[in-house]
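Engineer: Need the 3D shape of this:
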Amino acid sequence: MTLPSTTCRLRATDVDHIVPKVHGGTDDTSNLQSLCAAHHRLKTATVDRRWGPPEGRGVTVILVTHLMEEAERLADRVAVIRDGRLIALDTPSGIVSLVEPVQRLHFRPSAAVDDRLLTQLPEVRSVERAGPVVTVSGTGAFVQAVAAALARQQIIAHDLRIDRPDLDDAFLALTRRS
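Structural biologist: From the prediction side, this is the model:
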């Protein structure tokens with residue numbers, strides 16, 4: 001696979017196999033290349049389709065990455081390590097379930113909303129504002145509770161978006177310093 005050239009500094013590149021080891025590639029320099037993170041992700045996504053996963057071939061692949069999106073897409077199991085110690089080992093969804101499932105609801109209200117209307121709901125953790133957008137964080141059935149509270153006030157939530165925790169959120173929560 002030929003990738004476009006990059007102006008990325010060498011220290012900001014990843015060393016990668018041209019032919020993956022699980023498909024017979026070697027570790028010698030003729031099979032290694034330096035890629036910037038964007039091209040590494042592009043190559044990994046393309047190679048996944050071209051070579052296919054090594055499942056069922058008795059092969060274990062250890063992928064070391066800080067890119068949780070890549071780990072979530074490629075890994076059957078994820079290990080989270082902090083200060084050289086294993087702090088979690090599970091499937092990507094299992095790792096996500098280890099942290100408190102705080103969700104975020106973003107919307108633009110059709111009329112003014114008093115924060116107290118939302119903060120008094122037991123499921124709501126916080127209410128933040130960025131211009132006309134209100135962001136409510138909470139757990140459990142907080143989305144339904146917020147929707148019901150807004151409906152009682154005849155307020156419509158425009159441009160509604162719900163963010164659920166993902167592997168990035170779980171990684172940050174698990175590795176955060178206390």
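
Engineer: can you pull out the helices in this structure?
Structural biologist: Taking DSSP state H as the criterion, the chain contains helices spanning 37-51, 68-74, 92-97, 115-119, 142-152, 167-175.

Engineer: of those, which approaches Pro109 most closely?
Structural biologist: helix 142-152 (7.1 Å; CB to CB). Bear in mind the C-beta positions are built from the backbone N, C-alpha and C, glycine included.

Engineer: what's next to the closest one, contact-wise?
Structural biologist: Here helix 142-152 makes contact (CB atoms under 8 Å, 6 or more residues apart in numbering) with 103, 105, 109, 113, 117-118, 121-124, 136, 138, 156-157, 162.

Engineer: Would you reformat the helices of the chain as a markdown table and include mean pLDDT, mean neighbour count and distance to Thr26?
Structural biologist: A markdown table is the format used below for the helices of the chain (pLDDT from 0 to 100; neighbours: other CB atoms under 10 Å; distance: least, CB to CB, whole Å):
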| stretch | mean pLDDT | mean neighbour count | distance to Thr26 |
| --- | --- | --- | --- |
| helix 37-51 | 58 | 15 | 15 |
| helix 68-74 | 83 | 17 | 21 |
| helix 92-97 | 90 | 17 | 30 |
| helix 115-119 | 95 | 14 | 59 |
| helix 142-152 | 95 | 16 | 51 |
| helix 167-175 | 89 | 17 | 31 |
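
Engineer: about what we covered before: are any of the contacts of helix 142-152 buried, and which?
Structural biologist: Listed as buried from these are Gln103, Leu105, Pro109, Val113, Leu117, Leu118, Leu121, Glu123, Val124, Val136, Gly138, Ala157; burial here means 16 or more other CB atoms under 10 Å.

Engineer: In strands, which of the residues you listed appear?
Structural biologist: Gln103, Leu105, Pro109, Val124, Val136, Gly138, Ala157 (DSSP state E).
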